[in-house]
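Trainee: 3D, please:
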Amino acid sequence: MRLRIRPVLSVALASSFVPVAVAADIATQTLPLKVSSQYFQVAPAGKISTNDMIVTLGAEYAEDDTLIFSFSGTDSLDISSLPTFLTLAADGPNGKKGMTVGLLAQERINGRTLIYYRVTNITGGESDTTTGITLNFGSIDFEALRSQQGIDVRFSARSNAGLPLDNFTTDNTSQVLIEATEQFVSTVIQPLDQEVDFENDRQTFLGGVTSDVLEFRIESDPTLDIGVDVDGVVYEVFGDFSWVKDTSPNIANIQPMAGVFTLTDLSGTANCSNVLVAADRLRFSCDTLDTLTLAIETAAQGSDVVIPTSEFEILADVDFSVAGGTFSASEVGPIAAGEWTLNAAQTYIPYMPYSRQGVNQFSQIIYVNNVGDQSSEVSIDVYTEDGRRISLSNDELMGLTAETGITKLTGPIYQAIAARGLLFGGSDVKSFAFNIVVNDLDENVEVFSSFNDSGRDRGFVQNDSIVINRNKY
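Mentor: Here you go, the predicted model:
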């Protein structure tokens with residue numbers, strides 16, 4: 001199979017006329033052939049052709065001088081795609097000589113392929129010059145499967161006496177011919193950005209708002225010359241979705257109520273399969289890349305939902321292929337997609353053991369220190385060993401408040417989790433994690449957490465509470 005690409009732009013070594021020998025110049029404004037990394041993963045065995053390689057000379061050449069091109073990509077160059085001879089007629093009105101160069105030899109050194117052209121003929125008037133002559137070597141073929149790291153070319157020249165010619169500097173004497181680049185680009189246009197309102201028992205965002213919108217786009221790089229065809233996309237939005245009520249617990253994944261999640265594309269109806277909901281992600285499949293809008297409406301499942309704080313990310317798995325090639329998949333991301341914050345302080349206690357009802361092995365020590373000037377309500381999220389999140393409201397904690405100074409939380413927490421039946425049945429030891437939420441500033445709240453094991457040992461539990469720095473003098 002032979003793949004030919006004939007774009008208008010060319011890879012060029014170009015310069016304006018200069019009166020003395022300086023250096024051949026690769027035009028920085030000329031773009032290389034951009035090929036997606038994904039294409040190289042599935043490319044059929046065949047050739048890939050660059051844009052035209054155009055060299056503008058920057059010195060006075062004579063017969064038997066040598067032009068040298070050094071290509072990256074060991075053994076990937078198809079030398080038969082290079083012209084055996086290249087002739088440019090003299091242009092007397094513009095003071096330019098004519099020139100013929102012929103393919104002389106090739107060799108491989110240090111992983112690069114070197115091609116030598118010899119100047120076989122110079123024509124034109126005595127006052128004419130070779131400086132500014134432009135030689136177009138046309139497009140050059142490389143083995144597609146061996147070009148995955150991209151291909152660059154370096155130009156140099158030697159006089160017929162073996163001395164450096166036209167390369168006294170290294171500026172602009174090299175150019176990328178084939179650039180390998182990622183095909184898929186992800187962008188978050190509108191991130192999730194609401195703030196959960198503690199004053200409303202964390203059941204809404206600030207201002208009574210119950211919804212948030214995420215808009216994002218995954219697309220193919222529009223500047224690509226060669227890419228792959230998209231066969232399907234699996235999108236995943238990672239975050240805390242444990243608050244979503246499951247209408248059918250006996251079916252795999254969480255079955256949300258209608259209206260909690262609405263997915264649309266630019267046309268207004270996303271060509272995607274139903275959203276699959278798990279405690280830590282949303283997952284949906286689409287036929288193609290698109291700009292998608294995900295609307296989340298917490299009130300659609302009732303007014304008693306407790307909205308957690310969460311950071312969100314987007315990941316896409318893109319299935320792709322090319323005609324005559326193979327099939328593969330590529331991960332795009334993950335990229336940040338916003339967060340839900342809380343207008344209160346939070347402290348996460350990753351482990352706290354409790355004894356089953358009727359067993360007296362463990363006791364807990366949980367205190368909060370509040371250096372603020374107000375009494376602040378407390379609520380708690382309990383995480384069970386099987387991954388459930390159970391929110392204990394301030395009412396369930398008997399109106400517990402973190403007073404200015406030190407407040408013991410141990411008793412109200414124990415009574416609330418016992419009232420929920422979390423200490424009955426099963427093993428003698430029940431392990432929980434807690435998210436302690438205090439309606440105050442983070443910098444005012446510090447939590448201490450530890451436990452006793454039958455009076456034999458005390459286990460200090462490292463939580464993520466901030467350390468309140470005080471003036472000790």
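Trainee: on the three-state scheme, the most centrally placed residue in the chain is what?
Mentor: Computing the C-alpha centroid of the chain and ranking residues by C-alpha atoms, centre = their mean puts Gly333 first, at 3.4 Å. Three-state assignment for Gly333 (DSSP: H, G, I helix; E, B strand; the rest coil): strand.
Trainee: which residues in the stretch 301-450 of the chain form helices?
Mentor: Counting by DSSP state H, counting those that start in this stretch, the stretch 301-450 of the chain has helices at residues 410-419.
Trainee: from what I can see the residue nearest to the centre of the chain touches Ile314, true?
Mentor: Yes. When contacts are counted by C-beta atoms under 8 Å, Gly333 is listed as touching Ile314 (5.5 Å). From N, CA and C alone the C-beta is placed, and that goes for glycine too.
Trainee: who touches both of the two?
Mentor: Listed as contacting both Gly333 and Ile314 by C-beta atoms under 8 Å, 6 or more residues apart in numbering are Ser186.
Trainee: what about the stretch 51-200 of the chain, any weak spots by pLDDT?
Mentor: By pLDDT under 70, the weakly predicted segments of the stretch 51-200 of the chain are 167-172.
Trainee: change it to 50
Mentor: Within the stretch 51-200 of the chain, the stretches with pLDDT under 50 are 170.
Trainee: and Thr129, how close does it get to Lys97?
Mentor: Look at Thr129 and Lys97: by C-beta to C-beta, to the nearest Å, they are 6 Å apart.
Trainee: now do Phe451
Mentor: For Phe451, the distance to Lys97 - C-beta to C-beta - is 91 Å.
Trainee: quick one: mean pLDDT over stretch 282-291.
Mentor: On average, the pLDDT along stretch 282-291 is 87.
Trainee: excluding its backbone neighbours, what's nearest the residue nearest to the centre of the chain?
Mentor: Excluding the flanking residues, the one nearest Gly333 by C-beta to C-beta, 6 or more residues apart in numbering is Leu315, at 4.4 Å.
Trainee: what sits against that neighbour?
Mentor: Contact analysis of Leu315 by C-beta under 8 Å, 6+ apart lists 235-236, 238, 331-334.
Trainee: what do you get if the cut-off is 6 Å, keeping everything else the same?
Mentor: By C-beta atoms under 6 Å, 6 or more residues apart in numbering, the residues touching Leu315 are 236, 333-334.
Trainee: tally of neighbours for the nearest residue to Tyr351 once chain neighbours are set aside?
Mentor: Spatial nearest neighbour of Tyr351, excluding adjacent residues (C-beta to C-beta, 6+ apart): Val461 at 5.8 Å. Using other C-beta atoms under 10 Å, the number of residues around Val461 comes to 19.
Trainee: Val461 reaches Ser449, doesn't it?
Mentor: Yes. The criterion here is C-beta atoms under 6 Å, and Val461 meets it with Ser449 at 4.3 Å.
Trainee: columns distance to Gln148 and pLDDT on top of the contacts of Leu315, output as a markdown table?
Mentor: Output for the contacts of Leu315, formatted as a markdown table (distance: C-beta to C-beta, whole Å; pLDDT from 0 to 100):
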| residue | distance to Gln148 | pLDDT |
| --- | --- | --- |
| Glu236 | 27 | 94 |
| Gly333 | 22 | 87 |
| Pro334 | 24 | 92 |
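Trainee: and these, which is closest to Pro44?
Mentor: Nearest to Pro44, judged by C-beta to C-beta, of the contacts of Leu315 is Gly333 at 28.3 Å.
Trainee: quick one: contacts for the closest one?
Mentor: Gly333 makes contacts with 186, 314-315, as judged by C-beta under 6 Å, 6+ apart.
Trainee: same thing but 10 Å
Mentor: Contacts for Gly333 (C-beta atoms under 10 Å, 6 or more residues apart in numbering) come out as 184, 186, 188, 216, 218, 235-236, 238, 313-317.
Trainee: coming back round to it: show the pLDDT at the residue nearest to Tyr351.
Mentor: In this prediction Val461 is given a pLDDT of 91.
Trainee: and for Gln29?
Mentor: Gln29 is given a pLDDT of 37.
Trainee: ok, now the one 4 residues further on?
Mentor: In this model, Leu33 is scored at 91, pLDDT.
Trainee: hey, what's it bridged with?
Mentor: When bridges are called by DSSP bridges, Leu33 pairs up with Ile178.
Trainee: that one and Ala144 touch, don't they?
Mentor: No. Under the criterion of C-beta atoms under 10 Å, Leu33 is not in contact with Ala144, lying 11.6 Å apart.
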